[in-house]
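K.L.:
my questions are about this predicted structure, shown below with the sequence.
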Amino acid sequence: MSDQVQEILDIPREFIKDGMQFINRCQKPDTKEFAKISQAVGVGFIVMGAVGYFVKLIHIPLNNILVGGA
């Protein structure tokens with residue numbers, strides 16, 4: 001019985017220990033790395049915006065043809 005209780009109590013301890021190891025190994029990005037990450041995110045926003053714009057651009061006339069023709 002005490003083995004089961006000990007096993008249940010070990011789960012949060014291991015989680016906290018692993019979390020602390022992860023936090024300690026993490027580091028802030030330097031300026032160059034931050035600039036690259038920001039640039040990649042910006043390009044992603046632009047690409048996804050362009051895709052959404054072109055899908056909407058094609059969808060509106062296509063929808064009007066389908067609804068208007070019925």
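P.N.:
That came through, no problem.

K.L.:
average pLDDT across the helix or strand harbouring Val47?
P.N.:
Applying DSSP states H and E as the criterion places Val47 in helix 31-69. Mean per-residue pLDDT for helix 31-69: 92.

K.L.:
how far off centre is that helix?
P.N.:
17 Å (Cα atoms, centre = their mean, to the nearest Å).

K.L.:
what of stretch 26-39?
P.N.:
17 Å.

K.L.:
alpha carbons of stretch 30-46, as PDB, please.
P.N.:
Taking Å, rounded to 0.1, in the frame of the first residue of the first chain, the C-alpha atoms of stretch 30-46 are listed here in PDB:
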ATOM      1  CA  ASP A  30      20.600  36.800 -28.700                       C
ATOM      2  CA  THR A  31      19.800  39.800 -31.000                       C
ATOM      3  CA  LYS A  32      20.700  38.000 -34.200                       C
ATOM      4  CA  GLU A  33      18.600  34.900 -33.300                       C
ATOM      5  CA  PHE A  34      15.700  37.100 -32.300                       C
ATOM      6  CA  ALA A  35      15.900  39.000 -35.600                       C
ATOM      7  CA  LYS A  36      15.800  35.700 -37.600                       C
ATOM      8  CA  ILE A  37      12.800  34.400 -35.600                       C
ATOM      9  CA  SER A  38      11.000  37.700 -36.100                       C
ATOM     10  CA  GLN A  39      11.700  37.700 -39.800                       C
ATOM     11  CA  ALA A  40      10.400  34.100 -40.100                       C
ATOM     12  CA  VAL A  41       7.200  35.000 -38.300                       C
ATOM     13  CA  GLY A  42       6.700  38.100 -40.400                       C
ATOM     14  CA  VAL A  43       7.200  36.100 -43.600                       C
ATOM     15  CA  GLY A  44       4.700  33.500 -42.300                       C
ATOM     16  CA  PHE A  45       2.100  36.200 -41.600                       C
ATOM     17  CA  ILE A  46       2.600  37.700 -45.100                       C
END
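
K.L.:
what's in contact with it?
P.N.:
Pro29 (Cβ atoms under 8 Å, 6 or more residues apart in numbering). No exception for glycine: its C-beta is placed from N, CA and C like everyone else's.

K.L.:
mind redoing it with 10 Å?
P.N.:
Contact with stretch 30-46 is made by Gln27, Lys28, Pro29, as judged by Cβ atoms under 10 Å, 6 or more residues apart in numbering.

K.L.:
perfect, that will be all.
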